[in-house]
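J.: Okay, structure incoming, though there's no sequence with it:
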């Protein structure tokens, strides 16, 4: 996009190029900054404050959170999150009843699809929430998972 | 440290590559105790970086609640046969490993 901006110096192109330069220069920090505080937090409220600040959080039906209703083994619970929301820049998986609720954060780029799968540990039955971060709003969807054997403490 | 390979599989469907990754890692939370009652120190993957032809397309920050020997799947846009996809991790002790595949 920057190269195009230089080749076709119309005002709109120029502004687009400028915006992309600003976005790109901010990218390494976004990609590298690990929110250690959010991962060490023991309260859901702290996790949300660290990750999202003051951005509004709304429920969305455009997020697919695929996770079993009943997990027989809390040490290995498969989770898949995908979304069609435009401008999704990060996916956060939060397990509310775990000692540290924030499990994983995935930072997307324009080259990756907002569709990830992984396996998590769950200490006990809990709400599991997927948060999708866009520049202006946080979208979320939740599912309750019952755990019959816990995954913490071996 | 014993060898901890990153195993990867990938396939391209409609120019989107679906990559499946298996990592070998204990993912210790730091709260478990061994038989003698001593705390087993935390040892977990903190960051995962996914590259497509040398460009970072996705990064992940993980906590201690990711399962042992993590499985992870993601999708890369505008991928084609012959492209290279790399996945690397670093853990809280500074250990690292990476894997690489060429898409078929």
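T.: Good, I have the coordinates. Predicted model, so just to flag it, every value in this text is computed and none were measured.
J.: Now residue B:76. Its backbone dihedrals?
T.: Dihedral pair for residue B:76: phi -120, psi 130, per degrees, to the nearest 10.
J.: Revised request: answer the last question for residue A:49.
T.: phi -60, psi -40.
J.: That one: neighbouring residues, count only.
T.: Close neighbours of residue A:49, defined as other Cβ atoms under 10 Å in any protein chain shown, add up to 14. From N, CA and C alone the C-beta is placed, and that goes for glycine too.
J.: How about residue B:71?
T.: 16.
J.: I'd say residue B:4 and residue B:95 touch.
T.: Yes. At 7.5 Å, residue B:4 counts as touching residue B:95 under the criterion of Cβ atoms under 8 Å.
J.: Looking at those two, which one has more neighbours?
T.: residue B:4 (16 against 13).
J.: show me what contacts the more buried one?
T.: By Cβ atoms under 8 Å, 6 or more residues apart in numbering or on different chains, residue B:4 lies in contact with B:23, B:24, B:25, B:95, B:97.
J.: dump the residue contacts of residue B:97.
T.: By Cβ under 8 Å, 6+ apart, residue B:97 lies in contact with B:4, B:5, B:6, B:23, B:24, B:88, B:89.
J.: Let me fix that, I meant to ask about residue A:97.
T.: By Cβ under 8 Å, 6+ apart, the residues touching residue A:97 are A:122, A:123, A:124, A:125, A:126, A:127.
J.: For it, which three-state class applies?
T.: coil (DSSP: H, G, I helix; E, B strand; the rest coil).
J.: Quick one, grab the pLDDT at the closest residue in space to residue A:84 that isn't next to it in sequence.
T.: Of all residues not flanking residue A:84 in the chain, residue A:62 sits nearest, at 5.2 Å (Cβ to Cβ, 6 or more residues apart in numbering or on different chains). Note on residue A:62: pLDDT of 96.
J.: And residue B:31, by the same measure?
T.: 89.
J.: so it touches residue A:121, yeah?
T.: No. Counting by Cβ under 8 Å, residue B:31 sits too far from residue A:121 to count as a contact (10.9 Å).
J.: And these two? Which one has more around it.
T.: residue A:121 (25 against 15).
J.: Up against chain B, what does chain A have?
T.: Within chain A, the positions near chain B by Cβ under 8 Å from any Cβ of the partner chain are A:31-32, A:34-35, A:39, A:75-78, A:80, A:95, A:98-100, A:102-113, A:115-122, A:151-154.
J.: Please pick the buried ones from those.
T.: A:31, A:39, A:75-77, A:95, A:98, A:100, A:102-109, A:111-113, A:115-122, A:151-152 (16 or more other Cβ atoms under 10 Å in any protein chain shown).
J.: Show me these that map onto strands.
T.: A:77, A:95, A:102-108, A:112-113, A:115-120 (DSSP state E).
J.: Measure how far the host helix or strand of residue B:60 is from the centre of its chain, please.
T.: Per DSSP states H and E: residue B:60 is located in strand B:55-62. Per Cα atoms, centre = their mean, to the nearest Å, the displacement of strand B:55-62 from the mean C-alpha position of its chain is 10 Å.
J.: Perfect, that will be all.
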